[in-house]
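*Asks:* Requesting a structural model of the entry that follows:
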Amino acid sequence: MKESALWQMIRRHPVAMGLSIAVHLVLLVILGVGLTHTSTPSAPRHTQVKTMEAVVVDANVVKAEAEKLKRADQQKKQQEDARKQQLQNEMEQARERREKEEQRIADLQRKQKESEQAELLLQKKLDKDKKEKQLELEKLEKQKQAEQKRLTEIAEKRKAEEEAEKKRKSDAEAEARRKQDEAELQRRMAEEEQKRAANNSRLQTLRDQYLLQIEQHISRRWIQPAQMSSGWQCEVKVQQNAMGDILSVQMVNCNGSEAFRSSVEQAVNKSSPLPVPRDPDVFDKTIRFTFNPKS
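*Replies:* Presented below is the predicted three-dimensional model:
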């Protein structure tokens with residue numbers, strides 16, 4: 001609730017307001033006294049004079065007090081004005097300080113903003129430089145990878161070529177060894193064939209001699225039949241053991257008479273044991289020969 005103007009004045013100027021109220025009370029008392037004397041019967045003359053003097057004296061006192069209160073109020077007003085002026089000066093100084101502080105804050109804010117902008121620009125530049133460096137590094141890395149891939153391909157190609165060359169040399173050496181081995185084998189086979197042919201020829205000669213020996217051995221035991229024609233002959237198959245003992249005789253084919261055939265068979269059986277060949281390689285458990293006696 002708002003205070004009244006009178007109460008605010010009393011609180012602001014208690015002394016002046018107290019003196020003013022006292023003066024007003026005195027005036028009211030004087031006025032009341034005057035009215036009282038007016039309505040009362042007239043007093044003796046000397047009594048009225050004394051009353052007037054007292055009133056005059058009281059009025060002078062009141063006036064003096066009023067002047068004193070006025071001077072006090074003026075002094076209070078001057079002090080109040082001085083205080084107001086001081087407050088105004090302080091307010092002005094405070095305003096100036098506030099304005100300076102606001103200006104300082106504004107300058108700081110401006111500098112901070114400029115610093116933030118500069119920092120932002122610097123950060124953008126750093127980010128840009130970082131991005132460019134990153135791109136450059138990525139580019140270099142790609143180039144490095146491409147170069148590494150190229151070197152790897154060259155190394156692999158060289159290795160493949162070396163392996164191919166090595167394989168080619170190995171294959172050539174293997175082919176040369178194969179041909180050499182084959183030539184050696186052919187040579188050995190040829191030698192073996194020659195030896196075998198020579199041995200076969202030798203064995204064939206020995207075999208022919210052996211068969212001739214057997215034919216002669218049988219011929220010496222053959223008894224010619226009474227009737228004999230030129231050109232008769234028999235192919236004989238004989239089974240013998242290692243000692244030359246005849247185990248069986250088979251007349252395979254004869255173009256002569258039965259008597260001639262029987263004479264040949266008897267002569268073969270009488271020839272046991274057959275002659276032993278000079279070379280064991282010539283011996284054969286089964287021998288076939290043609291008995292062809294001379295006429």
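*Asks:* Now for Val249: which residues touch it?
*Replies:* With contact set as C-beta atoms under 8 Å, 6 or more residues apart in numbering, Val249 has these partners: Val236, Lys237, Val238, Gln239, Glu265, Val268, Asn269. (Each C-beta comes from the backbone N, C-alpha and C, glycine too.)
*Asks:* Ala242 too?
*Replies:* Ala242 neighbours (C-beta under 8 Å, 6+ apart): Phe283, Lys285.
*Asks:* quick one: it from Leu274, how far?
*Replies:* From Ala242 across to Leu274, the span is 11 Å (C-beta to C-beta, to the nearest Å).
*Asks:* same check, this time on Leu19
*Replies:* According to C-beta to C-beta, Leu19 stands 194 Å off from Leu274.
*Asks:* related to what we said a few turns ago, can you flag which of the contacts of Val249 belong to helices?
*Replies:* Counting by DSSP state H, these place Glu265, Val268, Asn269 in helices.
*Asks:* can you tell me which of those lies nearest to Ala106?
*Replies:* Of all those, Val268 has the smallest distance to Ala106: 153.0 Å, by C-beta to C-beta.
*Asks:* Quick check: pLDDT value at the closest one.
*Replies:* Note on Val268: pLDDT of 93.
*Asks:* Looks like it contacts Val236 (just checking).
*Replies:* Yes: contact criterion C-beta atoms under 8 Å: Val268 and Val236 qualify, at 6.0 Å.
*Asks:* circling back to that earlier point, filter the contacts of Val249 to the buried ones?
*Replies:* Buried by 16 or more other C-beta atoms under 10 Å: Val236, Val238, Glu265, Val268, out of the contacts of Val249.
*Asks:* got any residues that touch both of Val268 and Val236?
*Replies:* Common neighbours of Val268 and Val236 (criterion: C-beta under 8 Å, 6+ apart): Val249, Phe291.
*Asks:* and Glu192, how many neighbours does it have?
*Replies:* When neighbours are defined as other C-beta atoms under 10 Å, Glu192 has 12 of them.
*Asks:* what's the helix or strand for it?
*Replies:* Assigned by DSSP states H and E, Glu192 belongs to helix 45-219.
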